[in-house]
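1. give me a model of this one.
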Amino acid sequence: MEELIRFLPVIISFLMLFFGIPVPIALLSGSLVYFGFINTTLPMTSVIQSLVSQSLSTNMLACPFFILAGCIMNYSGITTVLLDFCNKLLGHKEGGLGYVNVLLSTLNGGMCGSSTADAALQCKIIVPEMERLGYPRAFATAVTAASSLITPIIPPGVPLILYGIMTGVSVGKMWAAGYIPGIMLCIAMMLVVYLYSHKYHWKGNRDKAASLKEIGLSFIQSIWALLIPIFIIVGLRSGLFTATEGGTVIIILSIIIGGFIYKNLKFEHIKPILKDAFKSTANIMLIVVSAMTFSMYLSWERIPQDLTQWLMSLSSNKYVFLILANAFIFIMGMFLDGSALLMILTPLLYPVAQSYGIDLIVFGMIMLINLYCGCLTPPFGTIMYITCNITDVSIVEFCKYAWGFILAMLSVILIIACFPGIITFLPNLIYG
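-> The predicted model follows:
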C-alpha cells in the first residue's frame with residue numbers, strides 16, 4: 001500500500017495523459033496531489049517559489065527566442081528558396097520529390113526547429129504536387145511526416161535546448177551533436193525513398209537535371225538561409241554570444257533576410273508571427289514548468305535513484321540498459337507526445353544513463369530520435385495524426401509506407417548506440 005501511494009502521482013499523471021488531458025494539467029495534477037496530500041513537509045508556497053525561480057532562468061529565454069525566429073522564417077520566404085534549391089539538385093531523379101521532401105526538412109531544421117510546423121507546411125506545399133505527379137497520397141504523407149522528425153534534431157531544435165537545460169549539458173554541445181545524426185537520418189530516409197520509388201517507378205518532377213549554372217544561381221540565392229545554422233555554432237564557439245543571446249541574433253538575421261534580401265516579410269505579418277510564437281511558447285513553457293514540478297516529486301521520492309539501483313541489479317552492462325530504455329521509450333512514444341515524454345523521462349532516465357557511464361550527449365540524441373520515432377506509430381502518434389488529418393489519409397494507408405521510415409530511424413539509433421563517437425566527434429572537435 002505504501003508503494004502504491006508513493007507512485008500515485010505517476011499513475012494519476014499517466015492516466016490523465018492517456019485520456020487526452022493536456023500535458024501541463026496532467027503533470028501538475030499528479031505533482032500537486034503529492035505535495036498537497038501525500039508529502040506535506042514542504043509548504044506549497046515553497047514549491048511555487050521554486051518553480052517561479054527556475055522558470056525565470058536566463059537559459060529558458062533561448063526557447064521563446066528561437067521559436068520566434070522560426071515563426072519569422074516561416075513568413076520570410078526562406079522555405080520557398082530552399083525548396084527551389086532542393087528541387088534543382090534532386091527533382092529530376094526517379095522519386096525526385098520524395099528526395100526533395102526529405103532534404104527540405106533537413107535544411108528546414110536549421111530554420112524553424114519544429115517538426116509540427118515543418119510537417120504542416122510541407123503537407124500544403126509538396127504533398128499536392130507529389131500526388132499530381134502520380135505518387136500515392138499515403139506515401140507523400142508518410143515521407144512528409146517522417147522527414148519532419150529530422151527538424152528537431154538539427155540545431156537549433158528546441159528539444160535540444162530543453163534536454164540541455166534539464167541535464168546540465170551545454171546547449172552548444174547539444175547543437176553541435178545534432179548535425180551528424182540529422183544528416184544520418186536524412187540519408188537513411190532517402191534510401192527508403194529510393195527503395196520505394198525504384199519498386200514503383202515514381203517519376204521526378206523535372207524532365208532533366210538542372211545545369212551547374214542553375215544549381216549555382218539557386219545556391220547563391222539560398223546561401224543566406226544555409227549559413228544561419230553555421231553562424232549559430234561559430235558564434236557560440238567563439239564566445240560571440242551565448243545560446244540565449246544567439247536567439248536574439250537569429251531573430252534580427254531572420255528579419256534582415258526575410259525583409260531586405262528575399263523581400264517576402266511584410267509589416268502585416270507581424271501580428272500572425274507574434275500570435276504563432278506566443279501560442280508555441282506558452283505551450284512549451286507550461287510543459288516545462290509542470291515537468292519541473294513533476295521532477296521535484298521524483299527527486300523527493302528518490303525514484304530515479306531507485307530505478308538506477310534496480311536496473312543495475314538486472315545487469316551492469318550499459319548496452320542492456322540501452323536496449324531496455326529504448327524499448328520503453330519507443331512503446332511510450334506510441335501513446336504520448338514526444339515533447340511531453342522528453343520532459344517526463346529525461347529526469348527519470350538521465351541519472352541512470354550517467355551511472356552506467358554513458359555520455360549524456362549520446363544518450364540525449366538516442367532518446368530524442370526514439371521519442372520522435374514514436375510520433376509515426378499508432379495508436380496515438382502525434383505527427384501521424386497531424387499529417388493524416390491535413391491530407392485526409394487513413395491510418396492504415398499511412399502505416400503501409402511509414403514502417404520503412406520507422407525502420408530507418410531505428411537503424412540510426414542502433415548505429416549511434418554501437419558507435420557513440422559519431423555523436424561526440426563534432427562537440428569534441430569544436431569545444432575540445
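2. so where's this protein shaky on pLDDT?
-> Where the chain drops to pLDDT under 70, the residues are 1-3, 54-55, 57-59, 109-114, 117-118, 335-337, 379-380.
3. centroid residue for it?
-> By C-alpha atoms, centre = their mean, the chain has its centre lying nearest to Pro152, at 2.8 Å.
4. which SS class is that one?
-> Of the three states, Pro152 takes coil under DSSP: H, G, I helix; E, B strand; the rest coil.
5. my guess is it contacts Leu371, does it?
-> No: with contact defined as C-beta atoms under 8 Å, Pro152 does not count as touching Leu371 (9.3 Å). All C-beta atoms are positioned from the backbone trio N, CA, C, and that covers glycine.
6. returning to what we had before: give me phi/psi at the residue nearest to the centre of the chain?
-> Backbone torsions for Pro152, taken as degrees, to the nearest 10, come to phi -70, psi -10.
7. now it. Nearest residue, chain neighbours left out?
-> Pro159 (4.7 Å; C-beta to C-beta, 6 or more residues apart in numbering).
8. how far away is that neighbour from Ile153?
-> Distance, Pro159 to Ile153, by C-beta to C-beta, to the nearest Å: 8 Å.
9. quick check: the gap between the residue nearest to the centre of the chain and Pro229.
-> 13 Å.
10. Ala353 too?
-> In terms of C-beta to C-beta, Ala353 sits 27 Å off from Pro229.
11. ok, Val320 next?
-> Remark: distance between Val320 and Pro229 (C-beta to C-beta) = 36 Å.
12. who has more neighbours out of the two?
-> Neighbour count, other C-beta atoms under 10 Å: between Val320 and Pro229, Pro229 has more, with 22 against 13.
13. quick check on that one: phi, psi?
-> Backbone geometry at Pro229, expressed as degrees, to the nearest 10, gives phi -60, psi -40.
14. tell me how many other residues surround the nearest residue to Ile303 once chain neighbours are set aside.
-> Of all residues not flanking Ile303 in the chain, Leu348 sits nearest, at 6.9 Å (C-beta to C-beta, 6+ apart). Neighbour count of Leu348, defined by other C-beta under 10 Å: 17.
15. so Leu348 makes contact with Leu307?
-> Yes: between Leu348 and Leu307 there is a contact under C-beta under 8 Å: 6.6 Å.
16. check contacts around Asp276.
-> Asp276 sits next to Cys71, Asn74 when contact means C-beta atoms under 8 Å, 6 or more residues apart in numbering.
17. hmm, I was thinking of Pro156
-> By C-beta under 8 Å, 6+ apart, the neighbours of Pro156 are Phe66, Ala69, Gly110, Gly113, Trp175, Pro229, Ile232, Gly246, Gly247, Ile250.
18. over to Leu311?
-> Contacts of Leu311 by C-beta under 8 Å, 6+ apart are Phe321, Leu324, Val352.
19. may I have the phi/psi pair for the first one?
-> This means Phe321. Per-residue torsions, Phe321: phi -60, psi -40 (degrees, to the nearest 10).
20. name the surrounding residues that touch stretch 282-297.
-> 9, 13, 23-28, 30-32, 34-35, 47, 50-51, 54-55, 60, 63-64, 67, 158, 162, 166, 339-340, 343-344, 347.
21. if we go to 7 Å?
-> 9, 13, 23-24, 27-28, 30-31, 34, 47, 50-51, 54-55, 63, 158, 162, 339-340, 343-344, 347 (C-beta atoms under 7 Å, 6 or more residues apart in numbering).
22. go through it and flag the buried ones.
-> Buried positions in stretch 282-297, judged by neighbour count with 16 or more other C-beta atoms under 10 Å: 284-297.
23. try stretch 201-218
-> Trp202, Lys203, Gly204, Asn205, Arg206, Ala209, Ala210, Ser218.
24. what's the answer for stretch 69-84, then?
-> For stretch 69-84, burial by neighbour count (16+ other C-beta under 10 Å) applies to 69-79, 81-84.
25. include distance to Ile261 and secondary structure when you put the buried residues of stretch 282-297 into CSV, please.
-> CSV is the format used below for the buried residues of stretch 282-297 (distance: C-beta to C-beta, whole Å; DSSP: H, G, I helix; E, B strand; the rest coil):
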residue, distance to Ile261, secondary structure
Ile284, 29, helix
Met285, 32, helix
Leu286, 35, helix
Ile287, 35, helix
Val288, 34, helix
Val289, 38, helix
Ser290, 40, helix
Ala291, 39, helix
Met292, 40, helix
Thr293, 44, helix
Phe294, 44, helix
Ser295, 43, helix
Met296, 46, helix
Tyr297, 49, helix
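26. and the closest residue to Asp207 other than its chain neighbours, how many residues sit next to it?
-> Take Asp207 and drop its neighbours on the chain: the residue closest to it by C-beta to C-beta, 6+ apart is His92, 7.3 Å away. His92 has 16 neighbours, counted by other C-beta under 10 Å.
27. what of Leu314?
-> 10.
28. same question, Leu51
-> Neighbour count for Leu51, taken as other C-beta under 10 Å: 18.
29. got the residue ranges for the helices in the stretch 51-200 of the chain?
-> With DSSP state H, counting those that start in this stretch as the criterion, the stretch 51-200 of the chain has helices at 62-75, 78-90, 96-108, 115-125, 127-132, 137-148, 158-167, 171-200.
30. nearest to Ile256, out of these?
-> helix 62-75 (10.3 Å; C-beta to C-beta).
31. list the helices and strands that closest one packs on?
-> Of the remaining helices and strands, those touching helix 62-75 by 3 or more C-beta pairs under 7 Å, 6 or more residues apart in numbering; DSSP states H and E are helix 115-125, helix 158-167, helix 243-256, helix 270-300.
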